[in-house]
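J.: Sequence below, structure please.
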Amino acid sequence: VQLVESGGGLVQPGGSMKLSCKASGTFFRVNDMGWYRQAPGKQRELVASITSSGSTSFADSVKGRFTISRDDAKNTVYLQMNSLSAEDTAVYYCKAVIRLRSQIPLSSTYWGQGTQVTVSS
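T.: Residues are numbered from 1 along each chain as shown. You can find the predicted model right below:
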């Protein structure tokens, strides 16, 4: 199982950016998915998450600016980021809880490699 993020890069303050994360490989189902970020010198923090039923949660710092969504047909989760500021600069990581086999009710957690988001003029 692999998680591959895309969509990072450089954006100006006040701008928008959309990140994608696709799960690939052999598995039964993707359960919860989420986005984390880690800025230089700081701990990794949860940005947003979405359950398999579509319930979402957000860090206070991004509420009203970021949205998270998923396309289960594509095993992909998205993070739409609006009104970006320098404080949003970080490496963004995708996380997914994946059930590998239908016969075994166990899930494992997978992480993407991270994608850099830099907000600067």
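J.: Val119 bridge partners, please.
T.: Val11 (DSSP bridges).
J.: For it, give its distance to Ser83.
T.: For Val119, the distance to Ser83 (CB to CB, to the nearest Å) stands at 10 Å. Quick note: C-beta positions are derived from backbone N, CA and C, even for glycine.
J.: Which one of the two is surrounded by more residues?
T.: Val119 (19 against 13; other CB atoms under 10 Å).
J.: shouldn't the more buried one be in contact with Gly9?
T.: No: checked against CB atoms under 8 Å, the pair Val119 and Gly9 is beyond contact range at 10.2 Å.
J.: List the buried residues in stretch 74-86.
T.: 75-79, 81, 84 (16 or more other CB atoms under 10 Å).
J.: quick one: which of the residues you listed is nearest Gln2?
T.: The shortest approach to Gln2 among those belongs to Asn75, at 10.7 Å (CB to CB).
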